[in-house]
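Trainee: next one to model:
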Amino acid sequence: MEDEPHMDLNIGLAEEEKKDLEKLIGVFKDEQFSVSLNAAPEDLQKQITFLKEKMTRMSVVLLDLDKKMHSLYEIVRLFYRKTEVMNERIEDVIKLVKTDKQR
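Mentor: Model prediction:
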């Protein structure tokens, strides 16, 4: 694997989120085994164990990301609802001002 420059993630993420993202990237960059048809059964068993552990780590990271995405979705949904309510109130105030001017 080539030495890649380390990029600082500065996109408004919390430190915990940065660590989780770096962990997810690290899981994808982990050493990979190549399957050989002539490999000994013990080697194949080691490869299977490695893949099982890798899938477990990836699943944990993915579930953690899913929880955070659900929280983000709830925040966006509530913000949108708040915006709708505020727009309704502003429209009501505008209507009241217009009716007062007409009198």
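
Trainee: for Lys19, see how far away the spatially most central residue of the chain is.
Mentor: Centroid check for the chain by Cα atoms, centre = their mean gives Leu65 as the closest residue, at 4.4 Å. As for Leu65, its distance to Lys19 is 12 Å (criterion: Cβ to Cβ, to the nearest Å). Quick note: C-beta positions are derived from backbone N, CA and C, even for glycine.

Trainee: low-confidence ranges, this protein, go.
Mentor: Applying pLDDT under 70 to the chain picks out residues 1-13, 27-37.

Trainee: tell me where this protein has helices.
Mentor: 15-29, 41-102 (DSSP state H).

Trainee: just name the most buried of those helices.
Mentor: When those are scored by mean count of other Cβ atoms under 10 Å, the highest mean neighbour count falls to helix 15-29 (a mean of 13).

Trainee: angle of it against helix 41-102?
Mentor: Inter-element angle recorded for helix 15-29 and helix 41-102: 140 degrees (by axes from the mean of the first three to the mean of the last three Cα atoms, to 10 degrees).

Trainee: who are the packing partners of helix 15-29?
Mentor: Helix 15-29 sits against helix 41-102, with contacts defined as 3 or more Cβ pairs under 8 Å, 6 or more residues apart in numbering; DSSP states H and E.

Trainee: summarise which helices and strands the helix it packs on is packed against.
Mentor: Contacts defined by 3+ Cβ pairs under 8 Å, 6+ apart place helix 41-102 against helix 15-29.

Trainee: quick one: the helix it packs on to chain centroid distance?
Mentor: 10 Å (Cα atoms, centre = their mean, to the nearest Å).

Trainee: noted, bye for now.
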